[in-house]
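> Structural data only, the sequence is not supplied:
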RNA sequence: GGGGCCAUAGGGUAGCUUGGUCCAUCCUUCCAGGUUUGGGACCUGGUGACCCCGGUUCAAAUCCGGGUGGCCCCA
């Protein structure tokens, strides 16, 4: 690694992705990249944790087609208008390239595919709640600069879509979505975040309201992570999703959607936990949890290899993802190789270890080496893995809270935004339509955005809006986004 | 949305201004053999490239036009 994470974050990020072989950016369609095994394996493990939690909370897996007929796509007017600039269209087919009678949108999100089927499946209050999720790729014709695992024209995510009998049930779902985010993204992936109710002008297109969580990069820039939306009956009305309630009355369903983008979480994972040696994976989602490096001195090869193979088999049978590195590189070279790839634990086994019936264990996050008795290896690996997750989370949380500031005036705000970044708490006139003018002014002057009002805490304003000077109705958080 | 820069082996580069010296330089990776192994070893040999289409010219990596892709800055 040539670049230092703290000094040249952007370059460090690109370098680690290329060097650790997470992705290859040389596929020659703009904004489309090839995700390589280390990244894909980690993301599959992330998907598994996320999907287990979604199923535990009653969501059923579905796979919808990637193409959405244009006439579906345009049914909900606000949604269609909001997404139109970003849609890839399939408009021709066949060897002659003949234009299709009807063009198809490559899904930029699946509301308009799913609602069509909800209409068929939902007839009675007994059919509700209907909770589904799918993991899939989506496509958005991004015009801003693309970045691997952060913004691509193709990306991988999970989307949940749920329908309920009334607003109350739907809003409970929105709260549950946020709990799931905490349980998985924070507790398991060790990515800290803060949930905001997005301002009126920054809602998901077609939503009644949007709660979105913002995470932070080490350079103080904001990266939006999952958002959850309450749609009211807007989509149900556009797609005629109706049911007969207990009182034999016809009702529109209330729908919600939640979008945890695993691909983007991978970006946050790289950025949050990595260091100057490369990646650091939280053990549960590490593609390789333990690497065994044999130290093969001349004349002692056989006994060391035997010991290494035996240990490899034993750990593998214990359910760990463990790799025995038998390549003919020198040990030092292997150390760098696996450190770059974020392997949480390295076990060295050489002649010294064989004769003392022990191994040398090294933690990726702290670099601490220890001698572990052969009989205690599994116990020690498991214990160390737990400690690594705790350590990563503590470090990430500490960094996150360092980036939360407060500003009483515009100049104070500007100074923090320019010098430090992160999220800045301040008084704001309003997050309804009337506050948009101030937000525009702010963005013109600083490029920073109003992220919204905190969801987990009721914060009361104590003064005036820092832009227009009118009495503040809300406390908002402001920052620069990727 | 506006502006600028760039494209030579898997990666990084020299050559381009002034066309011929270039069947293209160096480092790294990769392959074979030897030797070594507790923090990026070494020796010998080998493989591998001028983004695409068109133009100018006796002659194009080099000049011109277009395309594609990448990077940066501003909004």
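Looks like it arrived, so ask away. Treat the numbers as computed from the prediction; the structure is a model and nothing was measured.
> give the contact list for residue A:246.
Residues near residue A:246 by CB atoms under 8 Å, 6 or more residues apart in numbering: residue A:125. Where you see a C-beta, it was placed from the backbone N, CA and C, and this is true even at glycine.
> Check chain A and tell me which residue is nearest its centre.
The residue lying closest to the centre of chain A (CA atoms, centre = their mean) is residue A:265, at 2.3 Å.
> Would you confirm that it contacts residue A:185?
Yes. The pair residue A:265 / residue A:185 is scored as a contact, 6.3 Å apart, by CB atoms under 8 Å.
> what residues do the two have in common as contacts?
Each of A:191, A:225 lies in contact with both residue A:265 and residue A:185 under the rule CB under 8 Å, 6+ apart.
> For RNA strand B, see how far away the most far-flung residue of chain A relative to its centre is.
Using CA atoms, centre = their mean, the residue of chain A lying farthest from its centre is residue A:299. It sits 49.4 Å away. The gap separating residue A:299 from RNA strand B is 8 Å, by CB to the nearest atom of the strand, to the nearest Å.
> ok, that residue to residue A:276 distance?
For residue A:299, the distance to residue A:276 equals 37 Å [CB to CB, to the nearest Å].
> Check for me that the residue farthest from the centre of chain A belongs to a helix.
No. With DSSP: H, G, I helix; E, B strand; the rest coil as the criterion, residue A:299 is coil rather than part of a helix.
> residues touching it, list them.
Contacts of residue A:299 (CB under 8 Å, 6+ apart): none.
> Which residues of chain A lie near RNA strand B?
Counting by CB under 7 Å from any atom of the strand, chain A comes close to RNA strand B at A:1, A:10, A:25-26, A:28-31, A:143-146, A:277, A:295-298, A:301, A:328-333, A:335-337, A:339-340, A:348-353, A:360, A:362, A:367, A:444, A:447.
> Please pick the buried ones from those.
The neighbour count (16 or more other CB atoms under 10 Å) marks A:1, A:31, A:146, A:277, A:295-296, A:335, A:337, A:339-340, A:348-353, A:360, A:362 as buried among the residues of chain A next to RNA strand B.
> Need the mean per-residue confidence for the longest helix anywhere in chain A.
Counting residues, the longest helix found in chain A (DSSP state H) is helix A:377-402. Per-region confidence: helix A:377-402 scores 98 on mean pLDDT.
> Outside of whichever helix or strand comes after it itself, list whatever touches it.
As assigned by DSSP states H and E, the chain's next helix or strand after helix A:377-402 is strand A:404-406. With CB under 8 Å, 6+ apart as the test, strand A:404-406 has contacts from A:194, A:416, A:420, A:422, A:423, A:424, A:425, A:426.
> Beta-bridge partners for the fifth one, please?
It stands for residue A:423. Applying DSSP bridges to residue A:423 gives these bridge partners: residue A:404.
> who touches it in this structure?
Residue A:423 makes contacts with A:194, A:214, A:216, A:222, A:403, A:404, A:405, A:451, A:477, A:478, A:479, as judged by CB under 8 Å, 6+ apart.
> Now do the closest residue to the first one other than its chain neighbours against residue A:180, distance only.
Excluding the flanking residues, the one nearest residue A:194 by CB to CB, 6 or more residues apart in numbering is residue A:214, at 5.8 Å. As judged by CB to CB, residue A:214 and residue A:180 stand 17 Å apart.
> And residue A:134, by the same measure?
Residue A:134 is 16 Å from residue A:180, by CB to CB.
> Tell me the secondary structure of the residue of the stretch 351-482 of chain A found nearest RNA strand B, please.
Residue of the stretch 351-482 of chain A nearest RNA strand B, by CB to the nearest atom of the strand: residue A:352 (2.9 Å). Using three-state DSSP, the structure places residue A:352 in helix.
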